[in-house]
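**Q** please find the sequence and the predicted model below.
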Amino acid sequence: MAITYGQQKIRFDTCGLRCYDTPVFKDLVQGLGHLVYPPHCLVCSTHYTAHPPGSGVCPPCRAAIVFNRPPFCRKCSRHLGISATNICKECRKAGPSFDFAWSACLYEDPIKDLLHRFKYGQKTQLRRLFAEVMISFIKEYGLDTGQFDAIVPIPLSSTRSRERGYNQAQLLAQELAREFSIPLAPEGNHLRRVRHTGPQSFLDEKQRWTNIKGAFTIRKLNNLKHKNILLIDDLLTTGATASEAARVLKDAGAGTVGVLTLAITAERT
C-alpha cells in the first residue's frame, strides 16, 4: 500500500515504512510527533505550534532578538553611536587584518543564551534560525556576498572538535553557502587550527590577541591565490580570532577577506 505526501510516495510493506525521500519522511514523522508532543521553546519553555518546525524558538522570543543597527564601524560593524568617524577607536588602535566584518545582531539575550546552547548543548537545530537571521541582515542592508569566491568557517582545534563533536561555524557556513551559492571550503582543507588555545572568553582584550597568535595555518596555498574569502564564525568580540585567521589567509595570497558572524558584543569585552 502507498500514500502520497506532497509529491512523494510513502510505501507500507512487510518490512515496515519506507520513504523514497528521507528528508520528506523525517518532516512527516516530526510533524506527526508535534501533534502528540508540541515543541517547546528553548528560551521560554512554552509549547508552540505556530512556527516552522526545527527552529527551537517561538515567535515572541525570536522577535526579542536585538539586531545590530547602523551607523556601523566600517571595519568591524559594531554600532558607532554618535561619532565623527566611520571607524571605531578600537579598530583604529588594533588594525585587524580582515577588510571588514558584518554581524547580524547583538550578543544579548535571547541570542546569548541560544548561542551557548548551540555551542555547548548540542542544540544544532538552531543553525537554521541563526542562518535566517544572518541572511536577513545581509539582504536588509544589501551587503555584497557576490564578491566572494569561497566561504571558510573558522576552524576548531582537534581537541575542541573531539570534545564538541561539531564545529558551530561549519554548520552556519553550510547554510550560508547554500543560500548564496558560494563554494564552501571543506573544514580544515584550507584554513586549519594547529594550536589548541584556551577559551578566549576568560581573557582580557590584550590577552586574546596574544593567545590566538600562531593558532592557524594554511593548506593548499595555490587554491587561495587572489581568492576573496568570507570567514564565518558565531561571535565577534575583540576580533582577535577573525583577524589572525584573516592574516594567515592574506599571507597565503588571498585577496579580500571579510567576516560574517551571527552576533557581536556591544563593547569589546
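**A** Looks like it arrived, so ask away.
**Q** for the stretch 1-150 of the chain, just list every one of the strands.
**A** All strands of the stretch 1-150 of the chain, identified by DSSP state E, counting those that start in this stretch, fall at 2-5, 8-13, 16-19, 100-106, 150-153.
**Q** name the helices or strands packed onto the fourth one?
**A** It refers to strand 100-106. When contacts are defined as 3 or more C-beta pairs under 8 Å, 6 or more residues apart in numbering; DSSP states H and E, strand 100-106 packs onto helix 126-140, strand 257-264. Where C-beta positions appear, they are placed from N, C-alpha and C, glycine not excepted.
**Q** for that strand, the distance to its chain's centre please.
**A** Mean-position distance between strand 100-106 and its chain equals 11 Å (C-alpha atoms, centre = their mean, to the nearest Å).
**Q** contacts for that strand next, please.
**A** 65-68, 74-78, 111, 133-134, 136-138, 143, 236, 239, 242, 258-266 (C-beta atoms under 8 Å, 6 or more residues apart in numbering).
**Q** if we use 6 Å, what do you get?
**A** 65-68, 76-77, 111, 133-134, 137, 143, 236, 258-264, 266 (C-beta atoms under 6 Å, 6 or more residues apart in numbering).
**Q** what about the helices in the stretch 151-269 of the chain?
**A** For the stretch 151-269 of the chain, the helices defined by DSSP state H, counting those that start in this stretch cover 158-164, 168-180, 205-211, 240-251.
**Q** with distance to Thr197 added, can I get the ones you listed in TSV?
**A** Below are the helices of the stretch 151-269 of the chain laid out as TSV (distance: least, C-beta to C-beta, whole Å):
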stretch	distance to Thr197
helix 158-164	9
helix 168-180	15
helix 205-211	5
helix 240-251	9
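**Q** comparing those helices, which comes out most buried?
**A** helix 240-251 (a mean of 22; mean count of other C-beta atoms under 10 Å).
**Q** so it versus strand 100-106, what angle?
**A** 150 degrees (axes from the mean of the first three to the mean of the last three C-alpha atoms, to 10 degrees).
**Q** packing partners of helix 240-251?
**A** Applying 3 or more C-beta pairs under 6 Å, 6 or more residues apart in numbering; DSSP states H and E, we find helix 240-251 packed against strand 216-218, strand 229-236, strand 257-264.
**Q** list the strands paired with the last one, with their directions.
**A** By that I understand strand 257-264. With DSSP bridges as the test, strand 257-264 is paired with strand 100-106 (parallel), strand 229-236 (parallel).
**Q** got a markdown table for those strands, with distance to Ser181 and mean pLDDT too?
**A** Shown next, in a markdown table, are these (distance: least, C-beta to C-beta, whole Å; pLDDT from 0 to 100):
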| stretch | distance to Ser181 | mean pLDDT |
| --- | --- | --- |
| strand 100-106 | 18 | 98 |
| strand 229-236 | 13 | 98 |
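**Q** and of those, who's closest to Thr197?
**A** Nearest to Thr197, of all those, is strand 229-236, at 14.3 Å by C-beta to C-beta.
**Q** which residues are contacting the closest one?
**A** 101, 103, 115, 148, 150-154, 168-169, 172-173, 242, 245, 249, 254, 257-264.
**Q** pLDDT below threshold where in the stretch 51-200 of the chain?
**A** 51-54, 83-84, 188, 198-200 (pLDDT under 70).
**Q** apply 90 and report the result again.
**A** Residue ranges of the stretch 51-200 of the chain with pLDDT under 90: 51-56, 58-59, 81-85, 89-90, 157-162, 185-190, 194-200.
**Q** ok, which of the helices and strands packed on helix 240-251 comes nearest Arg128?
**A** strand 257-264 (12.2 Å).
**Q** tilt between that closest one and helix 126-140?
**A** 120 degrees.
**Q** follow-up on the earlier one: just name the most buried of the helices and strands packed on strand 100-106.
**A** strand 257-264 (a mean of 26).
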